[in-house]
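# okay, sequence plus prediction incoming.
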There are 2 protein chains.
Amino acid sequence: MPSEKVEEYLEGIFKLECEEGKANVTRLAERMKVTAASASEMLKRLEKEKLVTHKGDRGHVLTARGEHMARTLVRRHRLSERFLTDVLGIGWDVAHEEACKFEHVLSPDVEKKLAEMLGNPSTCPHGFPIPDLDGKIAQTEIRRLSSFCASERGVIAEVDEEGPELLQYLSSLGLIPDARVEVKEIAPFNGPLLVKVGRSAQYALGREVASKIWMKQ
Amino acid sequence: MPSEKVEEYLEGIFKLECEEGKANVTRLAERMKVTAASASEMLKRLEKEKLVTHKGDRGHVLTARGEHMARTLVRRHRLSERFLTDVLGIGWDVAHEEACKFEHVLSPDVEKKLAEMLGNPSTCPHGFPIPDLDGKIAQTEIRRLSSFCASERGVIAEVDEEGPELLQYLSSLGLIPDARVEVKEIAPFNGPLLVKVGRSAQYALGREVASKIWMKQ
DNA sequence: ATATTTAATTAGGTAAGCCTAAGAAGATAT
DNA sequence: ATATCTTCTTAGGCTTACCTAATTAAATAT
Ligand SMILES: [Mn+2]
Ligand SMILES: [Mn+2]
Ligand SMILES: [Mn+2]
Ligand SMILES: [Mn+2]
């Protein structure tokens, strides 16, 4: 049985692979909040356990087995988030860190029953797709809000942020998955976006924040 | 933050105190499935951390702080069992070991929301009382079924067993909390009890099994 | 009182995960 | 070509939680 730490590393490597194609020591260490030395040691161990292989061009990638485990963890994480927000009424801003603990204690049977109870949801509260039992993740066409032009409109698909503060702020503006957003204006010199959420007032969003909001349609 | 291991030891010591008044190294080691050496070391550490004190008459007892932590864990364990059986439909025979993992990942907020969602239940699926937020445990008058005489009747309060096999067997006979049981006959020479559950057939129960069933009324 | 059994502790060791500090390898700049 | 970053690895240490084997302490039996 892999330890909770090993599981967290697999998840971290998987996310890095999704975002950057491969994982390197430095980026993994950052994500796991450990030193590069610690990340290097863990990668060596994961390679010995055939969960990771050393890709030629400077980087590490998960093996089939490692990737399957990672996808299972992502599924359990997002199902847990769904449960925490929908059933218990926990805020989406803290659901992530609570789910990060839950994901390691779900057995296959509990995972299955939980998914059924929730009606086999397809996304987590932040809009990310929930992998199916085989680990398959539904792909959709999405673009960053920061890439939008003035007068463009769309619907929020995903909010790519884990910290509670920003999530709390965004939900207070109604900027949550499935909200309709229209970009009214973009300030010059790479300035903030003026957006309208639903039929409420306009808000100015910094580019960094806007780049964490992924839009569909 | 206490580690999961420390939490499990606190729980083990608490149960021993309830059952035998105090915890000694040997009994604790048995319960935790470690050697006496390991249990001895852990007790030393818990004493250093002021979670346990060395009682004069051969034994260790929890401090107020240690006991409060233990009661919180028991509460989270039993709430988790309730959730697993009532909401997810997990069998009571495996709910215990699943809950043993859940109890360590519940934050105070999640614990509170979970208790509310469940309607603040007063007992776990095995009939044991759920401590309230202060750790207070409701006391009731209960007796072992094995102490019953022929023709005595009562209602099952608690089933004091953690292994899945016996629990599965007992529930197949309808021997679960709140079931009405009548002792029809007791075989001589400390023999088995012939019991009638509800209005179904009679079953012969060994004394060891009968002593794990606690009756009320 | 002495011997035996049981209970508890100590000594010494291992593995997982973390750290700092030092060194090696690669990439970039001058 | 040489110097300077950046990235990665190694060496050496620490803590937690476990182990076996040996020792000490306490209880029980003869
Ligand atoms: Mn996680
Ligand atoms: Mn999420
Ligand atoms: Mn437990
Ligand atoms: Mn129970």
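Received it, and whenever you're ready, just let me know what you need. What you see is a predicted model; the values in this text were computed from it and never measured. Residues are numbered from 1 along each chain as shown, chains lettered A, B, ... in the order given. Ligands and ions are numbered 1, 2, ... in the order given.
# before we move on, what SS does the closest residue to residue A:177 other than its chain neighbours have?
Once flanking residues are discounted, residue A:177 sits nearest to residue A:127: 3.7 Å by CB to CB, 6 or more residues apart in numbering or on different chains. In short, each C-beta sits where N, CA and C put it, glycine included. Under DSSP: H, G, I helix; E, B strand; the rest coil, the three-state class of residue A:127 is coil.
# before we move on, what about residue A:151?
coil.
# residues near it, how many?
10 (other CB atoms under 10 Å in any protein chain shown).
# and residue A:120, by the same measure?
Residue A:120 has 11 nearby residues by other CB under 10 Å.
# unless I misread the structure, it falls within a helix.
No - going by three-state DSSP, the assignment for residue A:120 is coil, not a helix.
# DNA strand C contacts on chain A?
For chain A, the contact set with DNA strand C under CB under 7 Å from any atom of the strand comprises A:3-6, A:32-35, A:37-38, A:41-42, A:45, A:58.
# same thing but at 6 Å, please
A:3, A:5, A:6, A:34, A:35, A:37, A:38, A:41, A:42 (CB under 6 Å from any atom of the strand).
# how about the residues of chain A near DNA strand D?
So far as CB under 6 Å from any atom of the strand goes, chain A lies against DNA strand D at A:24, A:25, A:26, A:36, A:37, A:40, A:41, A:43, A:58.
# got the contact list for the residue nearest to residue A:177?
A:156, A:157, A:158, A:159, A:177, A:178, A:214 (CB atoms under 8 Å, 6 or more residues apart in numbering or on different chains).
# would you turn those into CSV with pLDDT, secondary structure and neighbour count?
Output for those, formatted as CSV (pLDDT from 0 to 100; DSSP: H, G, I helix; E, B strand; the rest coil; neighbours: other CB atoms under 10 Å in any protein chain shown):
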residue, pLDDT, secondary structure, neighbour count
A:156, 97, strand, 24
A:157, 98, strand, 23
A:158, 97, strand, 20
A:159, 97, strand, 24
A:177, 97, coil, 19
A:178, 96, coil, 10
A:214, 97, strand, 22
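# closest to residue B:52 out of those residues?
Nearest to residue B:52 among the contacts of residue A:127, counting by CB to CB, is residue A:159 at 45.6 Å.
# test my guess that the closest one contacts residue A:177.
Yes - between residue A:159 and residue A:177 a contact is recorded at 6.7 Å, counting by CB atoms under 8 Å.
# which one of the residues in chain A is closest to ligand 1?
In chain A, the residue that lies nearest ligand 1 is residue A:100 (3.8 Å; CB to the ion).
# would you mind measuring the gap between the ends of stretch A:154-164?
24 Å (CA to CA, to the nearest Å).
# what lies in contact with it?
So stretch A:154-164 is in contact with A:91, A:93-94, A:96-97, A:126-128, A:140, A:142-143, A:145, A:148, A:167, A:170, A:175-181, A:212-217, going by CB under 8 Å, 6+ apart.
# how far does it sit from its chain's centre?
Relative to its chain's centre, stretch A:154-164 lies at 9 Å (CA atoms, centre = their mean, to the nearest Å).
# that one near ligand 2 at all?
No - figure legend: stretch A:154-164 not in contact with ligand 2 (CB under 5 Å from the ion); closest approach 8.1 Å.
# does ligand 1 have contacts with that stretch?
No - residues of stretch A:154-164 are not located near ligand 1 by CB under 5 Å from the ion, the shortest gap being 9.9 Å.
# partner strands of the worst-scoring helix or strand of chain A on mean pLDDT, with direction?
Within chain A, confidence by mean pLDDT, DSSP states H and E is lowest for strand A:52-55 among all helices and strands, at a mean of 87. Strand pairing for strand A:52-55, using DSSP bridges, gives strand A:59-62 (antiparallel).
# just the ones of the residues of chain A next to DNA strand C in helices?
Among the residues of chain A next to DNA strand C, the residues falling in helices (DSSP state H) are A:5, A:6, A:37, A:38, A:41, A:42.
# ranking by neighbours, what's the top pick from these?
residue A:42 (22 neighbours).
# helix, strand or coil for the closest residue to that one other than its chain neighbours?
Distances taken as CB to CB, 6+ apart place residue A:9 nearest to residue A:42, at 5.4 Å, with adjacent residues excluded. Three-state call for residue A:9 (three-state DSSP): helix.
# quick one: name the residues of chain A near ligand 2.
A:81, A:124, A:126.
# can we see that at 8 Å?
A:77, A:78, A:81, A:92, A:95, A:96, A:99, A:124, A:125, A:126, A:127, A:128 (CB under 8 Å from the ion).
# can you redo these as a markdown table with pLDDT?
Converted to a markdown table, the residues of chain A next to ligand 2 look like this (pLDDT from 0 to 100):
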| residue | pLDDT |
| --- | --- |
| A:77 | 98 |
| A:78 | 98 |
| A:81 | 98 |
| A:92 | 96 |
| A:95 | 97 |
| A:96 | 96 |
| A:99 | 97 |
| A:124 | 98 |
| A:125 | 98 |
| A:126 | 98 |
| A:127 | 97 |
| A:128 | 97 |
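# okay, domains of chain A per the record?
Annotated domains of chain A cover A:4-62, A:143-216 [automatic domain parsing].
# among the contacts of stretch A:154-164, which ones are in helices?
Per DSSP H, the contacts of stretch A:154-164 map to helices at A:93, A:94, A:96, A:97, A:167, A:170.
# so what's the closest residue to residue A:8 other than its chain neighbours up against?
Once flanking residues are discounted, residue A:8 sits nearest to residue A:32: 6.9 Å by CB to CB, 6+ apart. Going by CB under 8 Å, 6+ apart, residue A:32 touches A:8, A:9, A:12, A:38, A:39.
# and the next element down the chain from the helix or strand harbouring the third one?
Element membership for residue A:12, per DSSP states H and E: helix A:4-20. Beyond helix A:4-20 in the direction of the C-terminus, DSSP H and E gives the next helix or strand as helix A:25-32.
# how about that next one: buried residues?
A:25, A:27, A:28, A:29, A:31, A:32 (16 or more other CB atoms under 10 Å in any protein chain shown).
# next, the angle helix A:4-20 makes with it.
Calculated by axes from the mean of the first three to the mean of the last three CA atoms, to 10 degrees, helix A:25-32 forms an angle of 120 degrees with helix A:4-20.
# hmm, helix A:25-32 in reach of ligand 1?
No - judged by CB under 8 Å from the ion, helix A:25-32 stays clear of ligand 1, getting no closer than 10.3 Å.
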